[in-house]
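[1] Fold the following.
(one chain, ligands or ions: 1)
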Amino acid sequence: MAELVRFSVAMPEDLLEQFDSLVERRGLAKNRSEIIRDLVRDALVEEQWHDPDAVIVGTLTLIFNHHANDLQNKLDHIQHTAHQLIISSMHIHLDAHNCLEIIAMRGRSEEIRKISESLLGVKGVKHGSLTATTTGTGL
Ligand code: NI
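    Next up, the predicted model:
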């Protein structure tokens, strides 16, 4: 880890109170400085996410009913076309009808977003979301 540098921050008192309750909710293992570092990293990931050429790691979750017509085949087909982006995937049979699929990807943010939108757009997918993160240096 790089050397830590101290700096002071000014903010309105009520905002600081809300920040301190956030610190408290995140537990004893984290203090103000660590939470501020987390928030800065979040902002940097968010910025990278908007750069189409940035290499990011994305996790897509999908919920669907496996009885839906040809749905699993369509999802598999799309994933095969993107095999170079997909690091790993996990399929969980949630109950008699519903499946959860978790797909981990690494690549250009534009490609990850495109493939995620194709998967989320398949008829029968009930819910899903893409979470982006990064392994960027300095984070
Ligand atoms: Ni299943």
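
[2] hey, let's count contacts and neighbours off CA atoms from now on
    Noted.

[3] name the helices or strands packed onto the lengthiest helix in the chain?
    Identified as the longest helix of the chain according to DSSP state H is helix 32-49. In terms of contacts (3 or more CA pairs under 8 Å, 6 or more residues apart in numbering; DSSP states H and E), helix 32-49 is packed against helix 13-25, strand 125-133.

[4] Looking at those, which is nearest to the ion?
    strand 125-133 (12.7 Å; CA to the ion).

[5] got the buried residues for whatever helix or strand residue 103 lives in?
    Take DSSP states H and E as the rule and residue 103 turns out to sit in strand 98-108. Using 16 or more other CA atoms under 10 Å as the test for burial, strand 98-108 gives 99-108.

[6] Would you check that residue 88 makes contact with residue 104?
    Yes - counting by CA atoms under 8 Å, residue 88 touches residue 104, with 5.3 Å between them.

[7] Which strand residues bridge residue 58?
    residue 105, residue 132 (DSSP bridges).

[8] and it, how many neighbours?
    25 (other CA atoms under 10 Å).

[9] what does residue 81 give?
    Around residue 81 there are 11 residues (other CA under 10 Å).

[10] and it, backbone torsions?
    Backbone torsions for residue 81, taken as degrees, to the nearest 10, come to phi -70, psi -20.

[11] tell me which parts of this structure are close to the ion?
    93, 99 (CA under 5 Å from the ion).

[12] Looking at the chain, what residue ends up closest to the ion?
    Counting by CA to the ion, the chain gets nearest to the ion through residue 93 (3.7 Å).

[13] Now that residue. Nearest residue, chain neighbours left out?
    residue 99 (4.7 Å; CA to CA, 6 or more residues apart in numbering).
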